[in-house]
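Novice: Here's a sequence, model it:
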Amino acid sequence: MNTRVTPAQTERSFEERLRIAEEDVRSAVRRPLTQAQFDALVSLAYNAGAGNARPMFNEINALGPERAAERLLTTAITARQQDARGHVTHLESRGLRNRRRHEYNIYQGRVNPWPPRY
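Specialist: Here you go, the predicted model:
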């Protein structure tokens, strides 16, 4: 059975997932953020999921946004792999590391969030 997704459905799905990521950041982070910091954290929550972004949010709440910035470089950079026998390993992903580096640069106000350059 082929299910086709229209561009309008894709756009609505993106907007809903983005709204959820924004709300995740707003509800989890209790410290004031710059727009750049907020944008980077929304990207993190959108791409890695709120659960995987939680250590970063907790660090910001504990230390403040400036002191927690380095944590972004090491948050959610591994990819889960499962072999044929069911053994699970977590390997560092170059693509995820590049994405976190881009989000870190957004967070620091060094680059605009769009277009992403990994």
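Novice: Residue 99 - that's part of a helix, no?
Specialist: Yes: residue state for residue 99 (DSSP: H, G, I helix; E, B strand; the rest coil) corresponds to a helix.
Novice: Distance of it relative to residue 40?
Specialist: Note on residue 99: its distance to residue 40, by C-beta to C-beta, to the nearest Å, is 11 Å. In this view, the C-beta of every residue, glycine as well, is placed from N, C-alpha and C.
Novice: Sheet partners, orientation included, of whichever strand or helix holds residue 89?
Specialist: Assignment of secondary structure by DSSP states H and E places residue 89 within strand 88-92. Strand 88-92 sits in its sheet next to strand 78-82 (antiparallel), going by DSSP bridges.
Novice: Name the surrounding residues that touch the partner strand.
Specialist: With C-beta atoms under 8 Å, 6 or more residues apart in numbering as the test, strand 78-82 has contacts from 88, 89, 90, 91, 92, 93, 96.
Novice: switch the cut-off to 10 Å
Specialist: Strand 78-82 is contacted from outside by 52, 87, 88, 89, 90, 91, 92, 93, 94, 95, 96, 97, using C-beta atoms under 10 Å, 6 or more residues apart in numbering.
Novice: So for that strand, mean pLDDT?
Specialist: Average pLDDT, strand 78-82: 79.
Novice: OK, contacts around residue 32?
Specialist: By C-beta under 10 Å, 6+ apart, the contact set of residue 32 is 38, 64, 65.
Novice: Inside helices: which ones of the residues you listed?
Specialist: residue 38 (DSSP state H).
Novice: Break down the chain into its helices, ranges please.
Specialist: Using DSSP H, helices in the chain cover 7-28, 35-48, 50-63, 94-107.
Novice: Neighbours of residue 3, how many?
Specialist: Residues lying near residue 3 (other C-beta atoms under 10 Å) number 4.
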